[in-house]
Each structure stands twice: as C-alpha cells, then as structure tokens.
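Engineer: Dropping a prediction and its sequence here:
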Amino acid sequence: MHVRSLGLLIVSLATASAADVRVVEEIVAKVNGDIITRTELEHTRQSIEAELRQQGLSGQKLREAADQRAKDALRDQIDQLLLVQKGKDLNINVDPDVTRRIAEIQLQSKIVDPDKFHEWLHEQTGMSFEDFKSQMKNQLLTQRVVGQEIGSRINIPDAEKRKYYEDHKKDFIRQEEVFLRQILISTEGKTPEQVAAAEKKAKDLVARARKGEKFADLARDNSDDPETARNGGELPPYGRGQLIKQIEDVVFKANRGYVTDPIKVRNGFLVLKVEERYEAGQASYEEVENQIDEQLRMPLMQPKVRTYLTKLREDAFLEIRGGYVDSGAAPGKDTAWKDPAQLKPETVTKEEVASRRKRKLLWVIPAGHKKVKPEEAPSAAAQPPATAAPASAASAPTPAK
C-alpha cells in the first residue's frame, strides 16, 4: 500500500549559548497558522519516486517524471492545508468516516489484534497509527469541503444520470453484501458472575433496540469497542466469506432493520443490526444513483476547485521562502518571505529614538480610555511615572529557521 506521508518533523536543539544552536529543519511556507517544511517536501519527492518505480520507470525517465510532478508538491501541500483549515472553520466532522475506513483496511488485512494491525500499518506506510489516522482525516476533510462548497452547487439532471446507468449497466453488478452496526459488551478479564451480568446487559439492549430506540445511540453509549462506538457502531460493508460463519448465517438471511440476539464471541457478546443488505446481481438505478452522480460531477468540478483554492489563497496569510514556488499562486498576491530575522536593523541616534517615543506617546490612546479636554486632564504631579518596557522583551532575537 502506498500512502503519501504528510508528517511534520521539526527538531530544535537549544543550549545556553545562541552560538550553539543548530538548525536541522527549514520552514518553506507559512499558511495562516500552519507551516510546511523542507522535510515534508522531501518526503513527497520520495513518495513520487517510489510510485513511479512501481510503474516501471527508472534512470533518466524516472528523474524527469519525478521533477515534473514535484513542481506541484508545494502547491498540493498548500491546497490541503487551506482546505483542512476551511473544514475546521465549517465545523465539518469526518471522525465517523475515518473510523469506517480504518475498519475496512483492518478487515482487508485480516489482522484482528489491534496492536499487530498498527504494526502492520507502520510496515506498509512508514507512519505510526496516529499519523496515518491524522493523514486520512485530513484527506477526508478536504474531500468533504470540496463536495460541500463546490460539488453541491453542480446539478446533474436525472435524465443524464439514467442514461449513464443504461449505458454502463455492466459496471453496476453487485456482489452479495451486508451493512451492519454493532454493540460489543466485553467479557475480557471478568468473573463468571460479571459475564452473566454482561449477557443480561446485552439482552436488555436488544430489547430496547427492538422497541424502537435508536441503535446508533445505544451503541455510542454502551458499546465497549471505542472505535466503532464513536460512530454509532457502524461497520464497513461485508461480503460473503468475510465474517465468521456464526454471524454470517444470521445476517445474510435477515432483512433490513433486523436486530440479532446477543452472539457470544471470543471477547464478549455482540449485538448486530442489519442496516442494509444487497442480493448479488444487477444493482437498481436507485441503489447506485449517488455513485453515478459523483462520477458525472467530478470532471465538472476540477476547474471550479482550482478557482476556489485561488480564492482561499487570496484571503490567506501566506509567505513562501525564496527558492520555492507555489504553482497554484493567486495572481498579484504578495507571498514574499518577510521573516524579521532576515531584516537588517535600522541605525538611529539617541535623539531620534527620544523624538519617536515622544510622538508615539502623543498619538496613542490606551484601549478603554476616552479623550479628555485639557481642562479635565490631571496635573503632572498626580500622574504616576512612566515605566519603560524591559529591553529584553523588545529586542528578543527571532530564532533562526
């Protein structure tokens, strides 16, 4: 599995003497409150080269193809940061989608033990589980922003979608599939009495679900599997042969909305709800309408996405270090690097400093105060002496990047 790493590595070494500071990372761009580092761009280049090697390229052709794609590496990083920031501003929550995607990957890996699955992910991606999860969250967040801010404003006529369905029917042949939610009541490390209590709790939850309480709410509040509980117990879709026979024999015969009796498994009691079940064969238009809509919408969205990202750049605080190029830059926007550490200090005389301070005191009115008329002003004797700001606060050096 190839997953592009978007991990951030900034290492700084501080000692008592400023002369001993060693810079081991470089900030390439500042995007509102976030940064992009040289290490991230180097990782992107390595990922591009690895992908091209898998496609059979080598030598000069590999370098040329990698150079061409790497030209957009900084643009792509800025794009994602802007979209993730926008997603947070819009309060978009993709945590349930992340949980479901990770469950799908774990299912495909056929690794049940969480720790072993995390180790396997690290071997496949070079990332820790938390970094992998964070990257997936950012990717899904950007997709949701694009869909909400751009895709939702593009309307595909029903007649056009139905024509596409008729012309591509063979692409919509379904395998038998079931969609489930679960509640797990754990029995790990429990005494026989506690196991009996766990079974009773599972049976009580079945009764409540069958009486009409929302299964997702019951799962969120009662399931001992934290990953799926956050998502209302939602699981990825399963085909025949992907579930243990004990469960498969029940859920593939059940109708939509069916809630199972508690099923005893290795680590507890499992209660399942059949959210949806599809028979093998030709999918109806209604079943795949959303999928068709997305396929027809994508080519219409591409130019609009670029326009949207240009607008986000225009509104953003964006600085790019010299020597690096944003190939998606907004025309006319100044993104020159303005780090104070690169500005030369201005030399002035003592008289000039005193004059500037005097002018500043004449014009600045502290917040929350009103102007007073000369006759209302307190006498000089009644005013407290001015206190100068510590020199260290005003002249603290900016750390080298």
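Structural biologist: The structure has been received and is ready for your questions.
Engineer: pull the longest helix from the chain.
Structural biologist: What stands out as the longest helix in the chain, according to DSSP state H, is helix 285-315.
Engineer: Point out where this structure drops to low pLDDT.
Structural biologist: Applying pLDDT under 70 to the chain flags residues 1-24, 339-401.
Engineer: Strands along the stretch 1-150 of the chain, start to end?
Structural biologist: 12-13, 22-23, 27-31, 34-37 (DSSP state E, counting those that start in this stretch).
Engineer: For the spatially most central residue of the chain, which non-adjacent residue is spatially closest?
Structural biologist: Centroid check for the chain by C-alpha atoms, centre = their mean gives Asn138 as the closest residue, at 1.8 Å. Excluding the flanking residues, the one nearest Asn138 by C-beta to C-beta, 6 or more residues apart in numbering is Val84, at 5.1 Å. (Glycine included, C-beta is placed from N, CA and C.)
Engineer: List the contacts of the one you found.
Structural biologist: By C-beta atoms under 8 Å, 6 or more residues apart in numbering, the contact set of Val84 is Asn138, Leu141, Thr142, Val145.
Engineer: hmm, 10 Å instead?
Structural biologist: By C-beta atoms under 10 Å, 6 or more residues apart in numbering, the contact set of Val84 is Leu6, Val31, Asp34, Ile92, Lys137, Asn138, Gln139, Leu141, Thr142, Val145.
Engineer: ok, it to Arg45 distance?
Structural biologist: Relative to Arg45, Val84 is positioned 22 Å away (C-beta to C-beta, to the nearest Å).
Engineer: ditto for Lys200
Structural biologist: For Lys200, the distance to Arg45 (C-beta to C-beta) stands at 58 Å.
Engineer: can you check Tyr164 too?
Structural biologist: For Tyr164, the distance to Arg45 equals 38 Å [C-beta to C-beta].
Engineer: now swap in Arg210 and tell me
Structural biologist: From Arg210 across to Arg45, the span is 56 Å (C-beta to C-beta).
Engineer: can you check Gly323 too?
Structural biologist: Distance from Gly323 to Arg45, by C-beta to C-beta: 15 Å.
Engineer: Can you pull the phi/psi pair for Glu276?
Structural biologist: For Glu276, the backbone dihedrals (degrees, to the nearest 10) come out as phi -160, psi 150.
Engineer: no wait, Gly212
Structural biologist: According to degrees, to the nearest 10, Gly212 has phi 120, psi 0.
Engineer: my guess is the residue nearest to the centre of the chain contacts Ile92, does it?
Structural biologist: No. Using C-beta atoms under 10 Å, Asn138 is not in contact with Ile92, being 11.6 Å away.
Engineer: before we move on, back to that, any idea which of the contacts of Val84 is the one closest to Ile183?
Structural biologist: Closest approach to Ile183 among the contacts of Val84 (C-beta to C-beta): Lys137, at 24.7 Å.
Engineer: can you pull the contacts of the closest one?
Structural biologist: Taking C-beta under 10 Å, 6+ apart, we find Lys137 in contact with Val84, Gly87, Asn93, Val94, Asp95, Asp97, Val98, Arg101.
Engineer: What's the PyMOL syntax to select whichever of the residues you listed are buried?
Structural biologist: For the buried members of the contacts of Lys137, the matching PyMOL selection, counting by 16 or more other C-beta atoms under 10 Å, is:
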select buried, resi 84+87+94+97+98+101
